[in-house]
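A.B. asks: got a predicted model here, sequence first, then my questions.
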Amino acid sequence: MQTVTEKKMLSNFVNGQWVKSKTDRYEEVPNPATGEILAEVPISTTEDLEEAVAVAKEAFKTWKKTPVPQRSRILFNYQQLLVKHWDELAKLITLENGKNYTEAYGEVLRGIECVEFAAGAPTLMMGYQLPDIASNIESGAYRYPIGVIGGITPFNFPMMVPCWMFPMAIATGNTFILKPSERTPLLANRLAELLTEAGLPDGVFNIVHGAHDVVNGILNHPDIPAVSFVGSQPVAEYVYKTGTANGKRVQALAGAKNHTIVLPDANMELAVKDIINAAFGSAGERCMACSVVVAVGDVADTLVERLVEESDKLTIGNGMEEGIFLGPVIRDAHKDRTLSYIETGLEEGAKLLRDGRNDKSSSEGGYFVGPTIFDNVTKEMKIWKDEIFAPVLSIVRVSTLDEAIAYANESEFANGACLFTDSAKAIRQFREEIDAGMLGVNLGVPAPMAFFPFSGYKKSFYGDLHANGRDGVEFYTRKKMLTARHSY
Ligand code: NAD
């Protein structure tokens with residue numbers, strides 16, 4: 001077992017073995033809370049990928065024929081192992097990503113839920129039949145796996161996002177190559193070890209660490225028929241266009257700018273608590289983070305005052321320590337990018353109500369930005385348009401729900417949107433008119449559970465079938481239609 005007790009050179013995981021990459025390029029993986037180097041990750045070559053694809057292609061020949069209940073049983077074993085190692089996995093997430101331990105613990109749960117859903121493969125893979133489409137002729141649909149699936153994942157959910165992909169992909173009979181974020185590669189390696197312990201045959205799940213070259217290798221490889229991607233918008237668009245141009249099935253989940261509308265009849269304390277969590281939890285590095293609050297009518301002054309009061313109380317530091325709410329952002333460069341957005345907001349004329357730039361000095365190590373709140377933000381501003389992906393919250397003031405919905409709908413992203421109100425009429429209008437895929441009412445982070453699709457659209461998603469839910473089953477399978485004439 002690989003442990004993270006000292007700095008180490010990571011390997012790829014191919015055919016159930018740790019395999020040294022052929023690259024001479026390694027990138028340091030710091031703990032974002034301290035700057036301490038945890039490991040070095042190989043920036044693997046396309047040759048490394050070629051070898052993994054050949055292994056996964058070979059493994060597919062037997063894995064696709066392994067009876068579905070047998071595949072499913074391995075996932076049941078895996079679920080048990082993830083539960084057993086819950087604390088260890090959560091600590092690993094905090095160590096490499098920086099989110100606090102409680103959030104990391106919750107992330108492990110979201111991963112486990114995906115495994116539990118995928119373990120239902122015998123039911124999920126069922127086809128459908130008609131015994132008599134004509135005299136003595138029957139017809140039916142049978143569901144099959146596709147082949148070697150490529151999965152490319154971001155840094156912000158090192159466990160949950162890979163678990164959106166590989167459990168369902170392998171449960172439905174595919175083999176899998178994961179290219180984890182080079183910024184959070186450690187947890188993925190542990191997931192691989194536990195899969196072997198659960199009884200997964202060698203070659204079914206493989207990891208090739210790296211960056212652009214491995215991604216391009218996946219997108220161009222003729223033996224990879226489908227690619228699941230989660231990451232930022234420009235890369236998602238590139239992955240989708242390149243993959244589909246090469247004849248692949250691609251789902252690419254992208255960036256976000258989620259609006260939360262607060263009406264005057266909202267439960268103020270609930271709204272404040274949930275918005276603080278949604279805007280500043282995981283240091284704002286969630287695709288479902290609340291990055292814009294749209295305050296309607298006379299709710300604005302009190303809401304703004306309470307948000308500033310509560311954000312002043314947030315504890316900032318190493319997420320491994322008890323009682324810490326706000327951990328670091330992922331890298332020094334991401335901190336610099338965030339600080340430059342705060343400068344931009346000031347230049348654009350937004351009112352800086354809470355300045356998180358100096359909440360924690362960098363001299364202590366780690367890449368910290370405190371909760372930052374801008375008021376009087378307008379849609380001409382870059383801080384409204386762009387995904388900042390950090391603890392920076394914008395407040396927009398409008399007079400009516402109509403105006404609030406129209407505002408949110410102008411965003412080029414459409415991942416999530418929330419509404420705080422007691423009015424059934426307003427909830428219905430919001431549901432019908434808002435242009436976003438995942439809606440929350442009186443809660444802050446409306447991320448669907450594994451058995452529903454993660455259903456962003458516009459520039460938040462490229463593809464046809466989303467991750468998770470029945471969409472996930474459809475994405476990782478294809479159907480054969482059989483029409484048969486019988487003498488009886
Ligand atoms: P990223 O786009 O930088 O990286 C994602 C993956 O793409 C990584 O594995 C990376 O190695 C690879 N990559 C990066 N640049 C590339 C390039 N030019 N060519 C080829 N491959 C490249 O994203 P990130 O910073 O790791 O993650 C944060 C982003 O992910 C945010 O935009 C967030 O909103 C988004 N995200 C979206 C969802 C969703 O469900 N819509 C979920 C989680 C994260």
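C.D. replies: Happy to help now that I have it. Every value quoted in this text rests on a predicted model; they were computed, and no experiment measured them.
A.B. asks: now the residue nearest the centre of the chain, what are its backbone angles?
C.D. replies: With distances taken as CA atoms, centre = their mean, the chain has Val161 as the residue nearest its mean C-alpha position (4.3 Å). The phi/psi pair for Val161 (degrees, to the nearest 10) reads phi -70, psi -50.
A.B. asks: pretty sure it contacts Thr153?
C.D. replies: Yes - counting by CB atoms under 8 Å, Val161 touches Thr153, with 4.7 Å between them. (C-beta placed from N, C-alpha, C; glycine too.)
A.B. asks: mind listing the shared neighbours of these two?
C.D. replies: Residues touching both Val161 and Thr153 (CB atoms under 8 Å, 6 or more residues apart in numbering) are Val230.
A.B. asks: where exactly do the strands run in the stretch 1-150 of the chain?
C.D. replies: Here the stretch 1-150 of the chain has its strands, by DSSP state E, counting those that start in this stretch, at 8-9, 12-14, 17-19, 26-30, 37-42, 128-134, 137-145, 148-152.
A.B. asks: any idea which of the ones you listed gets closest to Ile207?
C.D. replies: strand 12-14 (4.1 Å; CB to CB).
A.B. asks: who does that closest one touch, helix- and strand-wise?
C.D. replies: Judged by 3 or more CB pairs under 8 Å, 6 or more residues apart in numbering; DSSP states H and E, strand 12-14 is in contact with strand 17-19, helix 46-63, strand 205-207.
A.B. asks: distance between the lowest-mean-pLDDT helix or strand in the chain and the chain's centre?
C.D. replies: Least confident helix or strand, the chain: strand 8-9 with a mean of 92, by mean pLDDT, DSSP states H and E. Chain-centre distance of strand 8-9: 26 Å, with CA atoms, centre = their mean, to the nearest Å.
A.B. asks: what's in contact with it?
C.D. replies: By CB under 8 Å, 6+ apart, the list of residues contacting strand 8-9 reads Gln2, Lys20, Tyr26, Ala39, Glu40, Pro42.
A.B. asks: now with 10 Å?
C.D. replies: Applying CB atoms under 10 Å, 6 or more residues apart in numbering, the set of residues contacting strand 8-9 from outside is Gln2, Lys20, Ser21, Tyr26, Val29, Ile37, Leu38, Ala39, Glu40, Val41, Pro42, Leu186.
A.B. asks: just the buried subset of those, please.
C.D. replies: Applying 16 or more other CB atoms under 10 Å to these, the neighbour count classes Ser21, Tyr26, Val29, Leu38, Ala39, Glu40, Val41, Pro42, Leu186 as buried.
A.B. asks: around the ligand, which positions in the stretch 51-200 of the chain sit nearby?
C.D. replies: Contact residues, the stretch 51-200 of the chain versus the ligand (CB under 6 Å from any ligand atom): Ile152, Thr153, Pro154, Phe155, Asn156, Phe157, Val161, Lys179, Ser181, Glu182.
A.B. asks: take those and keep only those in helices.
C.D. replies: The helices, defined by DSSP state H, take in Val161 from those.
A.B. asks: got the residues of the stretch 51-200 of the chain next to the ligand as a markdown table, with pLDDT columns?
C.D. replies: Shown next, in a markdown table, are those (pLDDT from 0 to 100):
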| residue | pLDDT |
| --- | --- |
| Ile152 | 99 |
| Thr153 | 98 |
| Pro154 | 98 |
| Phe155 | 98 |
| Asn156 | 98 |
| Phe157 | 98 |
| Val161 | 98 |
| Lys179 | 98 |
| Ser181 | 98 |
| Glu182 | 98 |
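A.B. asks: ok, the residues of the stretch 51-200 of the chain next to the ligand vs Ala289, which is closest?
C.D. replies: Out of those, the member with the shortest distance to Ala289 (by CB to CB) is Asn156, at 9.5 Å.
A.B. asks: hmm, that closest one is touching Lys99, no?
C.D. replies: Yes - counting by CB atoms under 10 Å, Asn156 does reach Lys99; the two are 8.3 Å apart.
A.B. asks: shared neighbours, these two?
C.D. replies: In contact with both Asn156 and Lys99: Glu107, Ser282, Ala283, Glu285, Arg286, Ile330, using CB under 10 Å, 6+ apart.
A.B. asks: and the first one, what does it touch?
C.D. replies: Counting by CB under 10 Å, 6+ apart, Glu107 makes contact with 89-90, 93-94, 97, 99, 156-161, 163, 187, 282.
A.B. asks: hmm, try it at 8 Å
C.D. replies: Ala90, Ile93, Lys99, Phe157, Pro158, Met159, Met160.
A.B. asks: could you redo those residues as JSON lines and give each row neighbour count and distance to Leu49?
C.D. replies: Output for the contacts of Glu107, formatted as JSON lines (neighbours: other CB atoms under 10 Å; distance: CB to CB, whole Å):
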{"residue": "Ala90", "neighbour count": "23", "distance to Leu49": "30"}
{"residue": "Ile93", "neighbour count": "28", "distance to Leu49": "26"}
{"residue": "Lys99", "neighbour count": "29", "distance to Leu49": "30"}
{"residue": "Phe157", "neighbour count": "27", "distance to Leu49": "23"}
{"residue": "Pro158", "neighbour count": "29", "distance to Leu49": "20"}
{"residue": "Met159", "neighbour count": "26", "distance to Leu49": "23"}
{"residue": "Met160", "neighbour count": "22", "distance to Leu49": "24"}
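A.B. asks: with that, I have no additional questions.
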